[in-house]
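Asks: Let's see this in three dimensions:
(chains A and B)
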Amino acid sequence: EAAVTQSPRSKVAVTGGKVTLSCHQTNNHDYMYWYRQDTGHGLRLIHYSYVADSTEKGDIPDGYKASRPSQENFSLILELASLSQTAVYFCASSSGQNTEVFFGKGTRLTVV
Amino acid sequence: GDSVTQTEGLVTLTKGLPVMLNCTYQTTYSPFLFWYVQHLNEAPKLLLKSSTDNKRTEHQGFYATLHKSSSSFHLQKSSVQLSDSALYFCASPTSAGNKLTFGIGTRVLVRP
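Replies: Model (predicted):
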């Protein structure tokens, strides 16, 4: 079965600190995504990538960076964490356009 | 721009009753619509999908029909169960086809 693994599963970060969320997929998928989930906003796309060493901005990229060092790995980086970035973050992968997106179990990030 | 609209934020109903969750979309792309379900503290998972106009698609007792004339893809079930309590997202690829746009989600709460 398709597998997307996120780490850590939860994290408490200090305002102004750096946070890195990691994602690993064993699906052999080209596309990887980072979504943010907030009540009342659904799932919003932060960054995505369709090939290693390249990333694209999603709908809400401000305050986030992404890194795709290999097909399997995709990281989300918060250089200066802020209170407004408290949310649940989901990594996902898919094989291409119009195909099923497989999600990881999410990372609950709390910025204090 | 591309968008997906879900009009109900919360639907509360009694076990055994029918349910319909609304989804309308706006896209210049040939539409490909998805419904994802997210149970509490779990990852979103694909429930069903369609790109064929006026054809009913079914999975796990849920069904939906894509109507391009009205830009709709409403999700229905004839008789809900307690286990159907979850968050339901409608989604559609953007015009570029390389990422999904999600609605804000509809939370379904089924009471005994």
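
Asks: Contact distance from chain B - what residues of chain A qualify?
Replies: Residues of chain A found near chain B (Cβ under 8 Å from any Cβ of the partner chain) are A:4, A:31, A:33, A:35, A:40-45, A:48, A:50, A:58-59, A:90, A:97-98, A:100-101, A:103-106. C-beta here means a position set from N, CA and C on the backbone, and glycine is covered the same way.

Asks: Can you give me the distance of residue B:16 to residue B:63?
Replies: 17 Å (Cβ to Cβ, to the nearest Å).

Asks: out of those two, which sits in the more crowded spot?
Replies: residue B:63 (16 against 11; other Cβ atoms under 10 Å in any protein chain shown).

Asks: Which of the residues of chain A next to chain B fall in strands?
Replies: Among the residues of chain A next to chain B, the members found in strands (DSSP state E) are A:4, A:31, A:33, A:35, A:42-45, A:48, A:50, A:90, A:103.

Asks: ok, those vs residue A:65, which is closest?
Replies: When those are ranked by distance to residue A:65 (Cβ to Cβ), residue A:48 comes first, at 12.9 Å.

Asks: The closest residue to residue A:74 other than its chain neighbours bridge partners, please.
Replies: Of all residues not flanking residue A:74 in the chain, residue A:32 sits nearest, at 4.0 Å (Cβ to Cβ, 6 or more residues apart in numbering or on different chains). Beta-bridge pairing for residue A:32 (DSSP bridges): residue A:49, residue A:93.

Asks: show me what contacts the residue most central in space within chain A?
Replies: When Cα atoms, centre = their mean is applied to chain A, the residue found nearest the centroid is residue A:34 (2.8 Å). Residues near residue A:34 by Cβ atoms under 8 Å, 6 or more residues apart in numbering or on different chains: A:21, A:23, A:45-48, A:58, A:64, A:66, A:74, A:76, A:89-92.

Asks: now swap in residue B:27 and tell me
Replies: B:2-3, B:92-95 are the contacts of residue B:27 under Cβ under 8 Å, 6+ apart.

Asks: residue contacts, the residue nearest to residue A:71 when sequence neighbours are not counted?
Replies: In space, and not counting its chain neighbours, residue A:71 is closest to residue A:52: 5.2 Å by Cβ to Cβ, 6+ apart. Taking Cβ under 8 Å, 6+ apart as the criterion, residue A:52 is in contact with A:68-71.

Asks: which one of those sits closest to residue B:23?
Replies: Out of the contacts of residue A:52, the member with the shortest distance to residue B:23 (by Cβ to Cβ) is residue A:68, at 31.0 Å.

Asks: what's the burial count for that closest one?
Replies: The burial count for residue A:68: 21, using other Cβ under 10 Å.
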